[in-house]
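Engineer: got a sequence here, can you build the structure:
(one chain, ligands or ions: 1)
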Amino acid sequence: MSAVKMTERKHFLSTADLTPGEVRSLLNAAQKFRKPVQADQNTPLLQGKTVVNLFFEDSTRTRSSFELATRRLSGNILNFSASTSSIQKGETLLDTAKNLEAMGPQCIVVRHSSAGSPKVLASAVAMSVVNAGDGFHEHPTQALLDLFTIEEKLGTVKGKRVLIIGDIAHSRVARSNIHLLRKMGAQVAVCGPPTLLPPHPEVFGVEWAYRPEELLHKADVVMMLRVQFERQNRMQIPSAGEYSRFWGLNRDRVKLLKKGAIILHPGPVNRGVELAPEVADGPNSVILDQVFNGVLVRMAVLASVCNPEGLKKWLK
Ligand code: CP
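Structural biologist: As a prediction, the model looks like this:
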């Protein structure tokens, strides 16, 4: 996309509403950040600007990479911890955000268990809002870094078959990826236990199956999802052991993959549940590349919402 389109998007809330041109533009910016980051050089695109990390759910990768991305862009970062804040005294999400905004930041990165909360914030505050994961809804920067990693390893996502295995019904990673990957020309398929698939998976426009063996041989990319034990309001799988036996990616199932197929996982990995340790650490795994790319992609997103004109000039 032209960087002009970036200037039109003040918030980054979902992959569903991105145009393919905007996606290309963000990936291009992320790629341009690779060299300075690898050379340990900062770029000045957020100089004099402050980003707030407002996380109401636990995070290792997303929170840390937004912090590093802000620092790589020479910005200031304020890390807000809900567990030691006045949220504990009953302050609302909206009041919290408005009070933090009064301190002068330009952008707030929010993770919350309620689907739609970043969109609500975006309508109530003047600063930019970036969605770092909202309930079952979306995790748009995760999908963007997944796409970036797929293209880094396979050249293009167009025409590639991406198989997503796991808790499709409750996964914001799956939802954001299905929107984004289909938009960019991938053929997406989903697989999981009947209790963890939506009632009609075909409404996503994807191929689907209950058993990985039906789809693994066709996949260029296998994206394993974490079993979200914390989001299950009743046991939707009989046991972790049984899940691993029927849906886990182990050495035998990896043998069904095409040569050159890659394995992604957003993390954190439940080792021995959705991924056998030797597969998580094996030659097909690009999990740690995803983590590195997360910094580049989040730099692109932050620069595009906080300083679109500066980014446009820097990319020339
Ligand atoms: N992928 C992901 O969102 O990881 P974290 O929960 O550690 O941020």
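Engineer: low-confidence stretches in this structure?
Structural biologist: Along the chain, the model assigns pLDDT under 70 to residues 1-8, 230-235.
Engineer: now do the contacts for the residue located most distally from the centre of it.
Structural biologist: Residue distances from the centre of the chain (Cα atoms, centre = their mean) peak at K89, which lies 30.8 Å from the mean C-alpha position. Contacts for K89 (Cβ atoms under 8 Å, 6 or more residues apart in numbering) come out as none. (Each C-beta comes from the backbone N, C-alpha and C, glycine too.)
Engineer: do the same with the one 10 residues further on
Structural biologist: Residues counted as contacts of N99 (Cβ under 8 Å, 6+ apart) are E91.
Engineer: and if you look at A69?
Structural biologist: Counted by Cβ under 8 Å, 6+ apart, A69 has contacts V295, L296, R298, M299, V301, L302.
Engineer: so what's the last one closest to, chain neighbours aside?
Structural biologist: Think L302. Distances taken as Cβ to Cβ, 6 or more residues apart in numbering place A69 nearest to L302, at 5.6 Å, with adjacent residues excluded.
Engineer: in this structure G75 contacts L46, no?
Structural biologist: Yes. The pair formed by G75 and L46 meets the contact definition of Cβ atoms under 8 Å, at 2.9 Å.
Engineer: please identify the helix or strand for the residue nearest to L302.
Structural biologist: helix 61-72 (DSSP states H and E).
Engineer: ok so, going back, how much space between the residue nearest to L302 and the ligand?
Structural biologist: A69 sits 13 Å away from the ligand, taking Cβ to the nearest ligand atom, to the nearest Å as the criterion.
Engineer: equivalent analysis for L100, please.
Structural biologist: L100 is 20 Å from the ligand, by Cβ to the nearest ligand atom.
Engineer: the host helix or strand of K312: which residues count as buried?
Structural biologist: Taking DSSP H and E as the definition, K312 sits inside helix 308-315. Using 16 or more other Cβ atoms under 10 Å as the test for burial, helix 308-315 gives P308, G310, L311, K312, W314.
Engineer: stretch 41-50 now?
Structural biologist: For stretch 41-50, by 16+ other Cβ under 10 Å, it's T43, L45, L46, K49, T50.
Engineer: residues contacting it, please?
Structural biologist: Applying Cβ under 8 Å, 6+ apart, the contact partners of stretch 41-50 are 33, 36, 70-78, 103-107, 299, 302-303, 306-307, 310-311, 314.
Engineer: check stretch 113-128 too.
Structural biologist: 10-13, 56-57, 93-94, 97-98, 101, 105-108, 110, 112, 129-131, 134-137, 305-306.
Engineer: for L257, see how far away the residue nearest to V254 when sequence neighbours are not counted is.
Structural biologist: Computed as Cβ to Cβ, 6+ apart, the closest residue to V254 that is not its neighbour in sequence is V279, at 5.7 Å. From V279 across to L257, the span is 10 Å (Cβ to Cβ, to the nearest Å).
Engineer: which one's more surrounded, those two?
Structural biologist: A direct count of neighbours by other Cβ atoms under 10 Å for V279 and L257 places V279 higher, at 23 against 20.
Engineer: lovely, talk soon.
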